[in-house]
Structures are given as structure tokens and as C-alpha cells.
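**Student:** no letters, just coordinates:
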Ligand code: FES
Ligand SMILES: [Fe+2]
């Protein structure tokens, strides 16, 4: 094969360093779209976005624009949003409900399964109707209400792919009384001038907040203390979160960070204040705890609320956080351009004020006007600019290398909380995807 045979690719990813071209070479990016995003399971959204027959939303699988739609038979279908005629995007809306998708160019229409339903001037195409339709992702599967699809005909099952990372979704869903979550308030999108991998490498990085977020830590330290339980202000979560980002090194080193075979990973919670996590003594949280216990029993409610995970990464396109019910999906646009879709999830059977915390967290941490996300975006762009320099070929991912620990549940844990084990795991599976079949 051509320039990127197995040996060449393997040279780029070494145990404790990665070649800059992995983040900056357009040819490698093209190969990733085919071999990573064209193969792996990709999370697309949540079933609450397509509750009824005909409900749909549009998103992306790598660079493929897709429509996720609830079919008449109740199944979820994923259709490539490209007309079988001359290639126009068929659906321009972000979401809606429809009987048929009608192409704006010449009016070909498709049913909810992507089958061609009708075309104007049909006699000119006599006999061909049955063969044409929207291309459908061959594999679609759900885990705990989250919709995944793969553009490959075969590969591991979704549950094998998720492996021990199923526990992160369980944590997210089990926290909802009755297990009911819904995407609320649409999708919030932001783009950055950097490679898609930079976001996934940032969200489990316990060594960065004290530096990247130093200015907001300083502001939060000078802000008035949050109110006592039950008398908090909307913005108190911001103050608590920003102060936590300035936690001492020992706190970060004590956080657990785990990885799985397919490059997923999750970070233990690093919050040690009396409540970032909507807990202890807050009357709304006490009511929520009571509602959860009414569904699952007190012992199980305690167990569920005792799980303290921070971000989870599902490689190659998702990051989510169960305690404030945030989910982010990264879509690669070009080697140095990515767009992130952010969703907020509401627990349907929890006190309404629990969602207020979700919205507050989304605004102060995940919004582009927040003091936290803006810092991360700035640093992604600086990193990407650094890669364009040819003077230095390698970047280092060696923090904690040689100290990774195998756990009985099949995960690997970093020897310390700031280990870069999760980047090493991501790069290992990247190489597997990129060289499969090579
Ligand atoms: S491109 Fe869609 S109908 Fe012609
Ligand atoms: Fe950050």
C-alpha cells in the first residue's frame, strides 16, 4: 500500500511519545476518517431525541452528515444525509418530525427508513426506483438509551466495545430516579482550530487545570463564598468548580484514572469541598435522594450516589459527566478544525431544581462564554500551532509511563491521578484502528 503502511504508522506512536504528524498531517486525517470514524462505534445522541415515529435529528459521523430517525417499526435508523440523485444534503433542519425526507434539489423523497418513495419525472428512470435510497449505517445499537452507530458492516458488539466503560453510562443513567433521562434544550455547538484528539486528551488531564484555568481560579478565590445549603445562588457552582480547579497537587495525584481496551477512560472525582456535587445538606438534593430511594431502595440509592466519577471518554468521539449530566461529542472537520456538540440531560423524575444545576454547570464550564472552556480552546489552538512547527518532531505522553496498573475488572489504572495513561491508551487503539487490514 501507499505512504502509510503499518510500519510507518507504528513509528509515529511510541510508548511515551507521538509524532506531531498524527495531529497535523492532512493525509493522516483522511486515513482516520476512513479507518477510525468509518469503523468504530460512534455515539450519536439519546433516544429521547427521537421518541416518536418520524422524530429525527441531524448530526455527523466523522465527516458524514447523518440523519438519526425513529422508524415506523420503532427502530432507530441512521441515514447518510446525501441524496441518491446528485448528492444534495436532503435534510437541512437540526431536528423535527417528518413522514418523508424530501430533497430540496429535484424533489426525490425518502421514507423514514431511507427508501426512495417517489421522484418527480419518474418515467425517465423506469424500473430503477427500488434500487435507490439513502445509505444507512449498517449497525445501530443502544446502550442505556444512548444511540451508537458504526459505518462498518462488522466489528465488535457495542457492549464489547464499551467494556468496563459501560459502568460510566450506568452511573449516568442510574442517578436518574426511574432511569429516565432526556436531552433538554437542544444542542450547543462550538468549533475550535485544532485536531479532534485534543479535546479527548484534555478531559482526563488532571495536570492542566491549575495552569490553563489559573485566571478563573484566582477570580473564584476572591469571590464571595457560596451560600449555605439551600440558599445558594445560580452562580455558586461556578465559584465552587473554579476553586476546585486550583486544588493542590496532592488532590490531583490521588484521583484515579482508568482506561479500557478500546481507548475509553474515566477520571475519579477530584472535588473535596462540602458540595460541588449537589449534595450534603442541600434540601433539593435531599428530596432528590428520597425520590431515588423510593425507586431503588435506600441502600441502592446510597451506592449510586456514592459513585464519584468525573469525566468519562468514549473513544473516539465522546466525553460525558454524570454528576451534572453533560455530554459532548467531538466531530472532526479537518486535521486542524473540530466542532463540539454539547447536550444537557435532565432527570425526568427528579426535582426540577436539579436541572438548574445542570444548566448552571453547562453555562459556567461548557459554554463558550464560560471562563473555563475558553481557556481550554485557547490552549488547543496554541498546541495546534505548535504542531505546525517542524523543528520539534515529537510530543511527550510519558507522564506515569511504566507505572500503569492492571485492575481485576479489565481496566488499567494510572499509577497516579495525573498519569497520561489515558492518552497512551487512546493512541494504542488509534494505531490498532489505523493499521487494521493494512
Ligand atoms: S439531488 Fe436530490 S433530488 Fe436531485
Ligand atoms: Fe480544562
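**Tutor:** Ah, there it is. On a predicted model such as this, the values are computed, not experimentally measured, just so you know. Ligands and ions are numbered 1, 2, ... in the order given.

**Student:** mind listing the residues bridging to the residue positioned nearest the centre of the chain?
**Tutor:** For the chain, residue 318 is the residue whose C-alpha lies nearest the centre (CA atoms, centre = their mean; 1.8 Å). In this structure, residue 318 has beta-bridge partners residue 314, residue 329, where bridges are defined by DSSP bridges.

**Student:** just give me the neighbour total for the residue lying closest to residue 220 once chain neighbours are set aside.
**Tutor:** Here the nearest residue to residue 220 in space, its sequence neighbours aside, is residue 242; by CB to CB, 6 or more residues apart in numbering that works out to 3.4 Å. Every C-beta, even on glycine, is put in place using the N, C-alpha and C of the backbone. Residue 242 sits with 24 neighbouring residues when counted by other CB atoms under 10 Å.

**Student:** list the helices and strands the helix or strand containing residue 242 packs on?
**Tutor:** In this structure, residue 242 sits in helix 236-245 according to DSSP states H and E. Based on contacts counted as 3 or more CB pairs under 8 Å, 6 or more residues apart in numbering; DSSP states H and E, the elements that helix 236-245 packs against are helix 214-222, helix 353-361.

**Student:** tell me which helix or strand the closest residue to residue 187 other than its chain neighbours sits in.
**Tutor:** For residue 187, ignoring the flanking residues on the chain, the nearest one in space by CB to CB, 6+ apart is residue 341 at 4.9 Å. Element membership of residue 341, judged by DSSP H and E, is strand 337-347.

**Student:** quick one: work out the angle between that strand and helix 353-361.
**Tutor:** Strand 337-347 runs at 160 degrees relative to helix 353-361, counting by axes from the mean of the first three to the mean of the last three CA atoms, to 10 degrees.

**Student:** low-confidence ranges in the chain?
**Tutor:** Low-confidence segments of the chain, defined by pLDDT under 70, are located at 1-2, 126-129, 229-230, 232, 234, 270-281, 437-438.

**Student:** what's the domain layout of it?
**Tutor:** With automatic domain parsing serving as the domain definition, the record reports that the chain contains domains spanning 42-150, 161-435.

**Student:** quick one: is the shortest one near ligand 1?
**Tutor:** Yes - using CB under 6 Å from any ligand atom as the criterion, contacts between domain 42-150 and ligand 1 involve 83, 85-88, 103, 105-108.

**Student:** as a markdown table, those residues with neighbour count, distance to residue 133 and secondary structure would be great.
**Tutor:** What follows is those, written out as a markdown table (neighbours: other CB atoms under 10 Å; distance: CB to CB, whole Å; DSSP: H, G, I helix; E, B strand; the rest coil):
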| residue | neighbour count | distance to residue 133 | secondary structure |
| --- | --- | --- | --- |
| 83 | 22 | 10 | coil |
| 85 | 16 | 11 | coil |
| 86 | 10 | 15 | coil |
| 87 | 10 | 14 | coil |
| 88 | 14 | 15 | coil |
| 103 | 21 | 12 | coil |
| 105 | 13 | 16 | coil |
| 106 | 13 | 15 | coil |
| 107 | 12 | 15 | coil |
| 108 | 26 | 10 | coil |
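
**Student:** can you tell me which of the residues you listed is closest to residue 138?
**Tutor:** Distances from residue 138 to these, taken as CB to CB, are shortest for residue 83 (19.6 Å).

**Student:** picking up where we left off before, make a markdown table out of the helices and strands packed on helix 236-245 and add distance to ligand 1.
**Tutor:** Putting those into a markdown table (distance: least, CB to the nearest ligand atom, whole Å) gives the following:
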| stretch | distance to ligand 1 |
| --- | --- |
| helix 214-222 | 48 |
| helix 353-361 | 39 |
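
**Student:** give me whichever of these is most buried.
**Tutor:** helix 353-361 (a mean of 19; mean count of other CB atoms under 10 Å).

**Student:** contacts for that helix?
**Tutor:** Outside of helix 353-361, the residues that reach it under the criterion CB atoms under 8 Å, 6 or more residues apart in numbering are 184-185, 234-235, 237-238, 241, 278, 284-285, 288, 324-326, 344-347.

**Student:** pull out the buried members of those.
**Tutor:** Those of the contacts of helix 353-361 that meet the buried threshold are 237-238, 241, 278, 284-285, 288, 324-326, 344-347, by 16 or more other CB atoms under 10 Å.

**Student:** which bits of this protein sit near ligand 1?
**Tutor:** Residues of the chain lying close to ligand 1 (CB under 6 Å from any ligand atom) are 83, 85-88, 103, 105-108.

**Student:** 5 Å instead?
**Tutor:** For the chain, the residues found near ligand 1 under the criterion CB under 5 Å from any ligand atom are 83, 85-86, 88, 103, 105-106, 108.

**Student:** residue in the stretch 301-438 of the chain nearest to ligand 1?
**Tutor:** residue 333 (22.9 Å; CB to the nearest ligand atom).

**Student:** check which helices and strands the one helix or strand that residue maps to is in contact with.
**Tutor:** If you go by DSSP H and E, residue 333 is part of strand 326-334. Under the contact definition 3+ CB pairs under 8 Å, 6+ apart, strand 326-334 sits against helix 26-35, strand 42-46, strand 55-61, helix 196-202, strand 318-321, strand 337-347.

**Student:** and the angle from the second one to strand 55-61?
**Tutor:** Looking back up the chat, that one is strand 42-46. Between the axis of strand 42-46 and that of strand 55-61 there is an angle of 160 degrees, by the same axes, to 10 degrees.

**Student:** ok, and what's touching strand 42-46?
**Tutor:** Residues from elsewhere that reach strand 42-46 (CB under 8 Å, 6+ apart): 57, 59, 61-62, 66, 68, 78, 145-150, 181-183, 314, 316-318, 327, 329, 343, 345.

**Student:** quick one, what contacts residue 134?
**Tutor:** Taking CB under 8 Å, 6+ apart as the contact definition, residue 134 lies against 67, 79-84, 90, 101, 110, 114.

**Student:** for the residue nearest to residue 54 when sequence neighbours are not counted, what are its contacts?
**Tutor:** Computed as CB to CB, 6+ apart, the closest residue to residue 54 that is not its neighbour in sequence is residue 97, at 4.5 Å. In this structure, residue 97 makes contact with 52, 54-56, judged by CB under 8 Å, 6+ apart.

**Student:** list buried residues within those.
**Tutor:** If you count burial by 16+ other CB under 10 Å, the buried members of the contacts of residue 97 come out as 54-56.

**Student:** nearest to ligand 1 among those residues?
**Tutor:** Of all the buried ones among the contacts of residue 97, ligand 1 sits closest to residue 56, with 17.4 Å by CB to the nearest ligand atom.
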